[in-house]
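Novice: build the 3D model from these lines:
(one chain, ligands or ions: 1)
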Amino acid sequence: MNIIFFGPQTSGKGTQTERLSEKLDIPVLRSGDILRNKKTTDDDEGREIASFIDVGKLIPDEMMNNIIKEELQKEAYKNGVIFDGYPRNLFQAKHLEEMINVDRAIFLDVPDALVLKRMAARRICSKCRAVYNLSSNPPKEEGKCNKCQGDLTQRSDDTEAAIAVRLNIYHNITEPLVNYYKEQGKLLHIDGTKSIEDVHEEILKHLTADA
Ligand SMILES: [Zn+2]
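Specialist: Next comes the predicted model:
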């Protein structure tokens, strides 16, 4: 089964893809992780990726598409894949369609006001980048990562102005994906305001009904 996840920041994509991956035994392909790994490689590709990421720019579509195409060749994805962070727009979605059949596109819907509120409570592990939320998903020990004991910090670009800019980009570019997958009958519109557990159960319920 090939599944896409999309939704605004703080919609819980990272957590939900991880939970679903464990449940279905299908790996998550996180475009952000792939880019970070490649970026640290000292070659032309790594340097080119760094030239975008380091100034806060998105990787151009053609380049991103090629990176995903290469990644999908891996044996690990032969029984299915859960995408987190790709496709980001219609152009990428159409390209993905040429490579694999998308079974379900899961849209974690969260209103802007709640995104802003959640961002303010967001903490990220400085070592493994695990994401926490002080109200909905707090760490077991204050200020420490559950997984690696790394220090939890607030991202420097989590200011309200920066978030508003990102939300705007998100609405303009990512939301057309909602209509695109809706027209294909592949969209699962999930209420992302519910708890992590409820959202997970809701997704499972729909996927089980598909099978
Ligand atoms: Zn950690």
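Novice: bridging residues for the residue lying closest to Cys145 once chain neighbours are set aside?
Specialist: Excluding the flanking residues, the one nearest Cys145 by CB to CB, 6 or more residues apart in numbering is Cys125, at 3.9 Å. C-beta: built from backbone N, CA, C; applies to glycine. Counting by DSSP bridges, Cys125 forms beta bridges with Leu152.
Novice: neighbours of Val178, just the number please.
Specialist: Look at Val178: counted by other CB atoms under 10 Å, it has 16 neighbours.
Novice: host element of the closest residue to Arg104 other than its chain neighbours?
Specialist: Excluding the flanking residues, the one nearest Arg104 by CB to CB, 6+ apart is Ile3, at 4.9 Å. If you go by DSSP states H and E, Ile3 is part of strand 2-6.
Novice: for the lowest-mean-pLDDT helix or strand in the chain, name the packing helices and strands.
Specialist: The weakest-scoring helix or strand in the chain, judged by mean pLDDT, DSSP states H and E, is helix 160-169 (a mean of 82). When contacts are defined as 3 or more CB pairs under 8 Å, 6 or more residues apart in numbering; DSSP states H and E, helix 160-169 sits against helix 112-120.
Novice: now do the helix it packs on against helix 160-169, angle only.
Specialist: Put simply, helix 112-120 runs at 130 degrees to helix 160-169, going by axes from the mean of the first three to the mean of the last three CA atoms, to 10 degrees.
Novice: in helix 112-120, what's buried?
Specialist: Neighbour counts over helix 112-120 (16 or more other CB atoms under 10 Å) mark Val115, Arg118, Met119 as buried.
Novice: swap in stretch 164-183?
Specialist: For stretch 164-183, burial by neighbour count (16+ other CB under 10 Å) applies to Arg166, Leu167, Tyr170, Thr174, Leu177, Val178, Tyr180, Tyr181.
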